[in-house]
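> could you look at this predicted model? Sequence included:
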Amino acid sequence: MKCSYCFRDAIYLQRYSGKHLCKKHFTSFFEKKVRKVIKKFRMIESGDVIAIALSGGKDSVTLSNLLLEQYGGRHDLEFFAITIDEGIANYREKTVEVASKVTKNLGIEHYIVSFIDNFGSSLDEIVKIGKKSPCSYCGVFRKYLLNRTARELGATKLATAHNLDDEAQTILMNFINADIDRLARIIPQREQEGLVMRIKPFREVYEKEVVIYGFVRGYSLIFDECPYSELPIRAPVRDFIYEFEKEHPGRKISVLRSFEKIWDCLKITNPQVKLNNCEICGEPTSQKICQACKLVLEMKEEISLKHCTSLTYSKV
Ligand code: SF4
Ligand SMILES: [Zn+2]
Ligand SMILES: [Zn+2]
C-alpha cells in the first residue's frame, strides 16, 4: 500500500484517520503531534529543569530520545533522568542497563533510586508477604521516589511516558471505580506544593505509535514485560478498550476528549486540597501520614521495611 501523502510504501495504517503513512510521513506526524500537545499544555517552558522518568522500557526510552532530540539543543532547558529500581529479579536489571546506555548516549545525568536503599526491601520481598496486588505497592513507592528525587534534584517538571492507551484506561478505571477524586488528579498542569508537576508528552499518541516511532528512529527498545504485569486490575479494562477500538477506531481519543470536556466541572467539584507534610517522612500528603509510610507501617512487623526519612540515590 502506498502512503496517502506521497509515492513511498506505507509502514502504518492509522485506522482512526484512514491514512496510510510512509516512514517519513509517520515520523513527521508523530513529532508534530507530540510537540503540539507539549505546547497546548505548556509542558515545557523556558527555564524548566525536566526530570525524565526513565524505566528503560520501550516507551520511556522513546520519550527520552525524542525530548532530547527535539528540545535538547535549547540553552534555557535542562534534562536529567531518574530510574527507579524496584527490585524485580530477572527484569529490572536489564532495563536499568538499557537506561544507563540511553543516558550515556544522550549525554544527560542519570540517577538510580532503589526500593532496597530507601525502603529496606525489594518489591520481590514485599509481594511475598503483602496482601495487595504487586502494582499497589510498586505504584505508591515508585511515585514517591520519583517525585522526591525530582524535587530534591531541582526539577520543575517530571516527564513520564504515559501514552493514550494508558490515559484512556486510567480514565475509564476511575469511572468504573467511581473514584472521581483520582480522576480529577490527572488533569494536566495541576500545581501543588511539594509535588513536581507531571507532564505526559505522549498522552495523545497510541502505544502502538510510540513503538513504531521508536523502531523507525532505531532506538534500542526492549519488550520484556514485568512479571507482575498480568495481575493489575486494569487488565480487563485494557482488553475491553482494545476490543472496542478494534471495532470502532478512534474511541481511545474519544475517551480522552470526553474527559477534557468535564475538566472545568471537576475543578469545581473536586478542587485541589492543601497538602500537609507527612508526620513521619515529611513528604506531601493529603492525610496526616503519606501512603508510602502507611504501607511501611502495615508491613514492617513481617518484613524489614523502613520509612524513607532521607533519600538515597546513585548517580551514574
Ligand atoms: S507492572 Fe506493576 S509491579 Fe510491574 S513495574 Fe508496573 S506497577 Fe510495578
Ligand atoms: Zn509519505
Ligand atoms: Zn511519609
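Sure thing, it's come through. Ligands and ions are numbered 1, 2, ... in the order given.

> where does the nearest residue to residue 89 once chain neighbours are set aside sit, in terms of helix or strand?
Nearest residue to residue 89, sequence neighbours excluded (CB to CB, 6 or more residues apart in numbering): residue 124, at 5.6 Å. C-beta: built from backbone N, CA, C; applies to glycine. Under the criterion of DSSP states H and E, residue 124 resides in helix 123-129.

> distance between that helix and the chain's centre?
Remark: helix 123-129 is offset 23 Å from the chain centroid, using CA atoms, centre = their mean, to the nearest Å.

> which residues are contacting it?
86-89, 115, 134, 137-138, 141, 228, 299, 302-303, 305 (CB atoms under 8 Å, 6 or more residues apart in numbering).

> first-to-last residue distance for stretch 302-314?
End-to-end span of stretch 302-314 (CA to CA, to the nearest Å): 28 Å.

> who touches the nearest residue to residue 92 once chain neighbours are set aside in this structure?
Counting by CB to CB, 6+ apart, residue 92 lies nearest to residue 85, which is 5.6 Å off, once chain neighbours are set aside. Residue 85 sits next to 92, 96, 112, 113, 114, 115, 116 when contact means CB under 8 Å, 6+ apart.

> redo that, cut-off 7 Å
Going by CB atoms under 7 Å, 6 or more residues apart in numbering, residue 85 touches 92, 96, 112, 113, 114, 115.

> save those residues as JSON lines, and put in secondary structure too.
Shown next, in JSON lines, are the contacts of residue 85 (DSSP: H, G, I helix; E, B strand; the rest coil):
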{"residue": "92", "secondary structure": "helix"}
{"residue": "96", "secondary structure": "helix"}
{"residue": "112", "secondary structure": "strand"}
{"residue": "113", "secondary structure": "strand"}
{"residue": "114", "secondary structure": "strand"}
{"residue": "115", "secondary structure": "helix"}
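
> next, format those as a markdown table and append pLDDT.
Output for the contacts of residue 85, formatted as a markdown table (pLDDT from 0 to 100):
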| residue | pLDDT |
| --- | --- |
| 92 | 94 |
| 96 | 96 |
| 112 | 98 |
| 113 | 98 |
| 114 | 98 |
| 115 | 98 |
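
> state the distance from the residue nearest to residue 89 to residue 200.
28 Å (CB to CB, to the nearest Å).

> the more surrounded of these two?
Between residue 124 and residue 200, residue 200 has the larger neighbour count (other CB atoms under 10 Å), namely 22 against 19.

> ok, the residue lying closest to that one once chain neighbours are set aside - contacts?
Nearest residue to residue 200 in three dimensions, chain neighbours excluded: residue 162, at 4.5 Å (CB to CB, 6+ apart). By CB under 7 Å, 6+ apart, the contact list for residue 162 reads 200, 202, 203.

> could you do residue 58 as well?
211, 214, 221, 222, 223.

> any idea how far apart the tips of stretch 118-135 sit?
Start-to-end span of stretch 118-135 (CA to CA) is 18 Å.

> that one near ligand 3 anywhere?
No. Stretch 118-135 stays clear of ligand 3 (CB under 5 Å from the ion), getting no nearer than 10.8 Å.

> could you check the pLDDT of the residue of the stretch 51-200 of the chain at minimum distance from ligand 2?
Closest residue of the stretch 51-200 of the chain to ligand 2, CB to the ion: residue 66 (20.0 Å). On pLDDT, residue 66 comes in at 98.

> what packs against the lowest-mean-pLDDT helix or strand in the chain?
Least confident helix or strand of the chain, by mean pLDDT, DSSP states H and E, is helix 234-247 with a mean of 88. Packed against helix 234-247, as judged by 3 or more CB pairs under 7 Å, 6 or more residues apart in numbering; DSSP states H and E, are the following elements: helix 164-176, helix 251-261.

> of those, which is nearest ligand 1?
Comparison of the helices and strands packed on helix 234-247 against ligand 1 by CB to the nearest ligand atom identifies helix 164-176 as nearest, at 11.0 Å.

> quick one: residues in contact with that closest one.
Contacts for helix 164-176 (CB under 7 Å, 6+ apart): 180, 182-183, 186, 203-207, 234, 237-238, 241, 252-253, 255-256, 259.

> buried subset of those, written for PyMOL?
Only the buried members of the contacts of helix 164-176 end up in this PyMOL selection, burial being decided by 16 or more other CB atoms under 10 Å:
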select buried, resi 183+186+203+204+205+206+207+234+237+238+241+252+253+255+256+259
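
> which residues in the stretch 51-200 of the chain form helices?
Applying DSSP state H, counting those that start in this stretch to the stretch 51-200 of the chain gives helices spanning 58-71, 92-106, 115-119, 123-129, 134-152, 164-176, 180-184.

> identify the residues contacting the last one?
Residues from elsewhere that reach helix 180-184 (CB under 7 Å, 6+ apart): 171, 174, 266, 270.
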